[in-house]
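Enquirer: this one's sequence-less:
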Ligand SMILES: [Zn+2]
């Protein structure tokens, strides 16, 4: 029997999607939150080129409390953005808005593991209703 071996990127994605799927929903974790709108702005590592920008209202009953966003770098390995702690801190402090910036901690591609970090940037803003 031939065993399919996943590459480092696919293996990491598989573990992450399992972690997200098994987490509680936002509604379960944050009963005090009545609404959540998220604004996201993705920037290239040089921070000059904006790859995309979006704003949406989160469905609290369906969104997972592992508040995860894919890195826009299609070759990224072991990266992505996890805003779980940022959101939890904002809610714990009952902030109506919170914003910040996270840098992808992955590798730029599977051929640059341990050498070139990914470095893509996600700027976020949460607008929270209680
Ligand atoms: Zn990345």
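Expert: Noted; the coordinates are in hand. These numbers come from a predicted model, not from an experiment.
Enquirer: and the closest residue to residue 8 other than its chain neighbours, bridged to which residues?
Expert: Nearest residue to residue 8 in three dimensions, chain neighbours excluded: residue 77, at 5.2 Å (C-beta to C-beta, 6 or more residues apart in numbering). Every residue, glycine included, has its C-beta placed from N, CA and C. Counting by DSSP bridges, residue 77 is bridged to residue 107.
Enquirer: For residue 8, give me the pLDDT.
Expert: Confidence at residue 8, expressed as pLDDT, is 86.
Enquirer: same thing with residue 48?
Expert: Taken from the predicted model, the pLDDT recorded for residue 48 is 84.
Enquirer: does it count as helix, strand or coil?
Expert: Local secondary structure at residue 48 is given as coil here, using DSSP: H, G, I helix; E, B strand; the rest coil.
Enquirer: Could I get the contacting residues of it?
Expert: With contacts defined as C-beta atoms under 8 Å, 6 or more residues apart in numbering, residue 48 is in contact with no residue.
Enquirer: now it: how far from residue 109?
Expert: Noted for residue 48: a distance of 20 Å to residue 109, by C-beta to C-beta, to the nearest Å.
Enquirer: Same check on residue 27?
Expert: Applying C-beta to C-beta to residue 27 and residue 109 gives a distance of 37 Å.
Enquirer: Quick check: residue 23 touching residue 63?
Expert: No - proximity of residue 23 to residue 63 does not meet the contact threshold set by C-beta atoms under 8 Å, at 9.9 Å.
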